[in-house]
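1. from the sequence below, what's the structure:
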Amino acid sequence: MASEDSSSDSVGKAKTKEQRPARATRRARRRMTGTERREQLLDIGRTLFAARGFEGTSVEEIAAKAGVSKPVVYEHFGGKEGLYAVVVDREMSRLLSMVTGALTAGHPRELLEQAAFALLDYIERYTDGFHILVRDSPVAQSTGTFASLIGDIATQVEDILGHEFKSRGYDAKLAPMYAQALVGMVALTGQWWLNVRKPKKAEVAAHLVNLAWHGLQGLEHSPKLVGRRRD
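-> Numbering: from 1, shown residues only. Purely as a prediction, here's the structure:
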């Protein structure tokens with residue numbers, strides 16, 4: 001009988017040891033705060049929107065990935081549209097901040113290099129965000145589009161160009177148009193580079209600046225069309 005009691009005690013102790021990790025794990029899984037849950041949903045939404053687009057992503061899938069029910073998503077963002085709008089707004093702010101923050105040089109050519117690198121850096125580090133920005137979505141009409149973002153960046157550049165135009169005797173009123181052309185060239189090249197990733201980033205930046213800078217260096221004060229069309 002003593003041996004049976006001893007055996008029974010051993011089994012009981014073994015079960016107790018097995019149960020402890022389970023209880024410890026449950027205690028470790030603390031409930032997320034509202035802010036933490038919101039950030040989690042934004043991260044999941046960003047990944048899904050980048051991979052499948054706005055139309056291809058559902059609230060059900062977002063909730064499932066987060067391990068919550070659909071009402072939790074609605075509680076934080078009011079629905080898929082609200083979540084998408086916040087993701088787009090954050091990515092637009094991030095890219096604009098990276099580009100404008102990079103423009104610190106004094107020499108115009110180096111400023112061009114900094115702008116090109118800033119956009120390519122964003123594409124490389126925040127690929128999901130860039131995929132979302134360049135995709136068309138009905139929600140983007142109210143949150144802004146990639147084109148409107150490029151316009152914001154061009155506005156930052158036109159002040160620099162305006163100063164250079166004045167110092168070189170060009171019409172400073174044309175600076176906004178040239179700013180749009182330069183920033184648009186870098187942005188479109190960035191979209192292409194996103195898919196091919198060749199040549200290396202520094203080489204892409206160097207070629208972009210080569211085209212932009214030597215084109216600016218050889219600007220005619222009053223350019224004329226060489227073809228027959230004049231209208």
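2. show me where the chain has its helices.
-> For the chain, the helices defined by DSSP state H cover 2-28, 34-52, 59-66, 70-77, 80-102, 108-125, 127-133, 140-143, 146-168, 175-196, 201-217.
3. read off the pLDDT value for residue 136.
-> Confidence at residue 136, expressed as pLDDT, is 64.
4. so where's the protein uncertain?
-> The model of the chain has pLDDT under 70 over residues 1-29, 136-144, 225, 227, 229-231.
5. quick check, central residue of it?
-> Within the chain, the residue whose C-alpha comes closest to the C-alpha centroid is residue 129; the distance, by C-alpha atoms, centre = their mean, is 3.0 Å.
6. pull the number of nearby residues for the residue nearest to that one when sequence neighbours are not counted.
-> Distances taken as C-beta to C-beta, 6 or more residues apart in numbering place residue 91 nearest to residue 129, at 3.8 Å, with adjacent residues excluded. For the C-beta atoms, the positions are set from N, CA and C on the backbone; glycine is no exception. For residue 91, the count of nearby residues is 25 (other C-beta atoms under 10 Å).
7. ok, now residue 187?
-> Other residues close to residue 187 by other C-beta under 10 Å number 20.
8. got it, and residue 193?
-> Residue 193: 20 neighbours (other C-beta under 10 Å).
9. return the residues in contact with it.
-> With contacts defined as C-beta atoms under 8 Å, 6 or more residues apart in numbering, residue 193 is in contact with 120, 123, 201, 204.
10. my read: the second one touches residue 194, true?
-> Yes - Residue 123 is in contact with residue 194 according to C-beta atoms under 8 Å; the separation is 5.3 Å.
11. identify the contacts common to those two.
-> With C-beta under 8 Å, 6+ apart as the test, residue 123 and residue 194 both reach residue 130.
12. ok, now how distant is residue 201 from residue 156?
-> Applying C-beta to C-beta, to the nearest Å, the value for residue 201 to residue 156 is 21 Å.
13. ok, residue 123 and residue 194, which is more surrounded?
-> residue 123 (22 against 15).
14. tell me which residues touch that one, please.
-> 130, 190, 193-194.
15. if we use 10 Å, what do you get?
-> Applying C-beta atoms under 10 Å, 6 or more residues apart in numbering to residue 123 gives the contacts 95, 129-131, 133-134, 187, 190-191, 193-194, 197, 201.
16. residue 127 now?
-> Contacts of residue 127 by C-beta under 10 Å, 6+ apart are 50, 194.
17. quick one: residue 52 and residue 58 touch, right?
-> Yes - taking contacts as C-beta atoms under 10 Å, residue 52 lies within contact range of residue 58: 9.1 Å.
18. what about residue 61, neighbour count?
-> Around residue 61 sit 15 other residues, with neighbours defined as other C-beta under 10 Å.
19. gap between it and residue 73?
-> Taking C-beta to C-beta, one finds residue 61 at 10 Å from residue 73.
20. what sits in contact with each of the two?
-> The contact sets of residue 61 and residue 73 overlap at 44-45, 80 (C-beta under 10 Å, 6+ apart).
21. out of those, which is nearest to residue 221?
-> residue 45 (50.7 Å; C-beta to C-beta).
22. setting the sequence-adjacent residues aside, check what's closest to that closest one.
-> residue 83 (4.7 Å).
23. quick one: neighbours of that neighbour, just the number.
-> Neighbours of residue 83 (other C-beta under 10 Å): 27.
24. check contacts around it.
-> 38, 41-42, 44-46, 48-49, 54, 57, 59, 62, 73-74, 76-77, 139.
25. phi, psi for residue 56 please.
-> phi -80, psi 0 (degrees, to the nearest 10).
26. same deal with residue 134?
-> Dihedral angles for residue 134 - degrees, to the nearest 10 - are phi -90, psi 0.
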